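*Asks:* dropping a prediction and its sequence here:
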Amino acid sequence: MSKVFETNCLACKKRSDIFNYLTEDEISQIDCERVSIAYNAGEIIFKQGTPCHNFVCITSGLVKLYIEHENSHNIILGLARPVNYLYVPGAFIDHRHHYSAMACEDTTACLIDINTMKQLMSRNAEFASEFIVKISSQAIDLFEKISCYTQKHVFGRMAETLLYLYLKVYFDNPFELTISRQDLADLSGMTKESAIRVLKKFKDDDIISLDGNHLEIHNLPKLEAISKSG
């Protein structure tokens, strides 16, 4: 179960870099109004379709962002590590969450009221500009994922996913997976059965080794070539 804990924005070393564009008084305003929450692994941070009241800044842990479908086949949009804002476009349109967020590991996050963020953006042009840059970057990542889903076969998609985990999520090789096999499949846009089959092929070809959750990339150039060729 999630719980509240005490932090201080002015002294925090885990702040998002968009805070560099705020004055000390503006940071103090956020500090007075934000809430810091600790989530257990597997706990929902927010759910698709629910009212959107806060921006969420991940300060530790790992969070998966996913679109839910009635057939239980989810699409994982990405994984968020600290320090990363979970931008919520619905805050500016219909005040609803358009995807769900779940902690994959024990996670901490700061929640900031949407109205507070809107006030700061209306008063501080540099902060607003940097906020738009961050949203634009997130949109580009989403376009690239859609392109991967539509242009690449299952081997290319899985190679892309493993490179993403290595370069942008765990930052190490080998690494311990903190997501499930189903998450790997959802992140790659395929069924769990297809994901297991592709992983076995990669293991048989000595491109990777996978022992439980311990994954190591043995042949990075080969994996990159598969990702590029699709």
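*Replies:* Thanks, I have it. Numbers count the residues shown, from 1 in each chain.

*Asks:* neighbouring contacts of stretch 138-149?
*Replies:* L77, G78, Y87, G156, R157, E160, G189 (CB atoms under 8 Å, 6 or more residues apart in numbering). For every residue, glycine as well, the C-beta is placed using N, CA and C.

*Asks:* need these in JSON lines with pLDDT, neighbour count and distance to I146, can you?
*Replies:* Below are those laid out as JSON lines (pLDDT from 0 to 100; neighbours: other CB atoms under 10 Å; distance: CB to CB, whole Å):
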{"residue": "L77", "pLDDT": "90", "neighbour count": "21", "distance to I146": "10"}
{"residue": "G78", "pLDDT": "90", "neighbour count": "20", "distance to I146": "12"}
{"residue": "Y87", "pLDDT": "78", "neighbour count": "18", "distance to I146": "17"}
{"residue": "G156", "pLDDT": "94", "neighbour count": "19", "distance to I146": "14"}
{"residue": "R157", "pLDDT": "94", "neighbour count": "25", "distance to I146": "12"}
{"residue": "E160", "pLDDT": "93", "neighbour count": "24", "distance to I146": "12"}
{"residue": "G189", "pLDDT": "89", "neighbour count": "22", "distance to I146": "9"}
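
*Asks:* and these, which two are the farthest apart?
*Replies:* Pairwise distances across the contacts of stretch 138-149 (CB to CB) peak at 27.8 Å, for the pair Y87 and G156.

*Asks:* how distant is the longest helix along the chain from the center of its chain?
*Replies:* When the chain is parsed with DSSP state H, its longest helix is helix 125-151. On the basis of CA atoms, centre = their mean, to the nearest Å, helix 125-151 sits 13 Å off its chain's mean C-alpha point.

*Asks:* give the buried residues for stretch 180-197.
*Replies:* D183, L184, A185, D186, L187, S188, G189, M190, S194, A195 (16 or more other CB atoms under 10 Å).

*Asks:* what do you get for stretch 206-218?
*Replies:* I207, I208, L210, L215, I217.

*Asks:* what sits closest to the second one if chain neighbours are left out?
*Replies:* Right, the one you point to is I208. Leaving aside its chain neighbours, I208 sits nearest to F202 (4.7 Å; criterion: CB to CB, 6 or more residues apart in numbering).

*Asks:* hmm, back to that, just name the closest of the buried residues of stretch 180-197 to Y66, please.
*Replies:* Nearest member of the buried residues of stretch 180-197 to Y66, counting by CB to CB, is D186, at 6.6 Å.

*Asks:* residues in contact with L199?
*Replies:* By CB under 8 Å, 6+ apart, L199 lies in contact with M158, L184, I208, L210.

*Asks:* identify the bridge partners of the third one.
*Replies:* Meaning I208. I217 (DSSP bridges).

*Asks:* renumber starting at 321 from here on
*Replies:* Understood, numbering begins at 321; the last thing we discussed is I528.

*Asks:* let me know the distance separating it from A459.
*Replies:* According to CB to CB, to the nearest Å, I528 and A459 sit 31 Å apart.

*Asks:* can you lay out the contacts of stretch 458-469 as a markdown table showing secondary structure?
*Replies:* As requested, the contacts of stretch 458-469 are arranged in a markdown table below (DSSP: H, G, I helix; E, B strand; the rest coil):
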| residue | secondary structure |
| --- | --- |
| L397 | strand |
| G398 | strand |
| Y407 | coil |
| G476 | helix |
| R477 | helix |
| E480 | helix |
| G509 | coil |
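
*Asks:* many thanks, have a good one.
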